[in-house]
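Undergrad: When you get a sec, could you give me coordinates for this:
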Amino acid sequence: MNGIYAIKPKFQELLKPLEAALISAKVKPDSVTFSALGLSVAGGIALAFAGREGMLFLLCSTPLVTLLRTILNALDGMLAKSTGQARPFGEVINEFSDRLADLALFIGLFCSKLSNGPLLLASLISILLSSYLGILSKAAGGARQYGGLMGKADRMILLGLACPLAFFLSSFGICSAGLILDAFALVVLVGSLITIWQRAKMTYADLESNRQ
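TA: Here you go, the predicted structure:
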C-alpha cells in the first residue's frame, strides 16, 4: 500500500510543460519550494479564520491550496534535477519546508476550533513522526522512504476533499463541519500510524540488504 505516491512518475510527466516554462523563466528550485511553503501558510491562515462567525466558506479555498502545494512540491525536485541545481542543502530546505507547510495547515485547522483539538494534534504528531522516519532511513545509510499508505499527497487530497465537504454539508444542515473534519483527522491519524509501521519495515529491509 503506497498511496498516491505510486503514481508520482505519471504526475510528474503531466507537469513537464510547466517545468519547461519554469526553466525558460530561469526560476530557481528553492523559489518553488518557498512558494509552496508560503501558499501553505496562507492556507493555514484561511483555515484558522474559517472558524469565525460567517467565515466557514473559507474552507472552500483548501482544494486549490492543497492542489497547488502538491504541484509545487513535485516541481521543485524536477527543476533541481533538470537544471543540475540539486544539492544536499537544497534537500534540507525542501524537507524542512515540507514539515513547516504541514504544521501551517494543521495548526490553522486547530486554531479554527472546528474540529477536535487533541485528535488534530495526534494526527499532526503522527504525520511528523512518519516523515521523520522516512528521513531517518536515509540518515542511517538507506534510501529516503516516501512510501506508505498516508504520504504527503494523500494527506493533501484528503484535506482538499474534507474541507469543502464540511462546508457544504454544514450549510445544508446535514451534519456539522466538525464531524467531517474529525473524520478527516481520524483517517489521517490511522493512516499515518500504518505508514510508520510500513516505513519501519521498508527501512529495516533496505538497511539489512545494504549489509549483505
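
Undergrad: Output the contacting helices and strands for the lowest-mean-pLDDT helix or strand in the chain.
TA: Least confident helix or strand, the chain: helix 8-14 with a mean of 88, by mean pLDDT, DSSP states H and E. If contacts are counted by 3 or more Cβ pairs under 8 Å, 6 or more residues apart in numbering; DSSP states H and E, helix 8-14 sits against helix 62-82. Every C-beta, even on glycine, is put in place using the N, C-alpha and C of the backbone.

Undergrad: packing partners for the helix it packs on?
TA: Judged by 3+ Cβ pairs under 8 Å, 6+ apart, helix 62-82 is in contact with helix 8-14, helix 16-24, helix 29-49, helix 88-112, helix 152-171.

Undergrad: Return the set of buried residues in that helix.
TA: Neighbour-count burial for helix 62-82, counted by 16 or more other Cβ atoms under 10 Å, picks out 62-63, 65-66, 68-80.

Undergrad: Phi and psi next, for Gly84.
TA: Note on Gly84: its backbone torsions stand at phi 70, psi 20 [degrees, to the nearest 10].

Undergrad: For stretch 130-148, which residues meet the burial criterion?
TA: Across stretch 130-148, burial judged by 16+ other Cβ under 10 Å covers 130-131, 133-137, 142, 145-148.

Undergrad: For it, C-alpha coordinates in PDB please.
TA: Extracted C-alpha coordinates of stretch 130-148, given in PDB (Å, rounded to 0.1, in the frame of the first residue of the first chain):
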ATOM      1  CA  SER A 130       6.200   9.200   9.700                       C
ATOM      2  CA  SER A 131       8.100  11.900   7.800                       C
ATOM      3  CA  TYR A 132      10.900  11.800  10.300                       C
ATOM      4  CA  LEU A 133      11.200   8.000   9.900                       C
ATOM      5  CA  GLY A 134      11.400   8.400   6.100                       C
ATOM      6  CA  ILE A 135      14.300  10.900   6.500                       C
ATOM      7  CA  LEU A 136      15.900   8.800   9.200                       C
ATOM      8  CA  SER A 137      16.200   5.900   6.800                       C
ATOM      9  CA  LYS A 138      18.500   8.000   4.600                       C
ATOM     10  CA  ALA A 139      20.500   9.300   7.600                       C
ATOM     11  CA  ALA A 140      21.200   5.600   8.500                       C
ATOM     12  CA  GLY A 141      22.600   4.900   5.100                       C
ATOM     13  CA  GLY A 142      19.500   3.700   3.300                       C
ATOM     14  CA  ALA A 143      17.000   5.300   0.800                       C
ATOM     15  CA  ARG A 144      14.700   8.100   1.700                       C
ATOM     16  CA  GLN A 145      11.400   6.400   2.300                       C
ATOM     17  CA  TYR A 146       8.400   8.100   0.700                       C
ATOM     18  CA  GLY A 147       6.100   5.100   0.500                       C
ATOM     19  CA  GLY A 148       3.200   4.000   2.800                       C
END
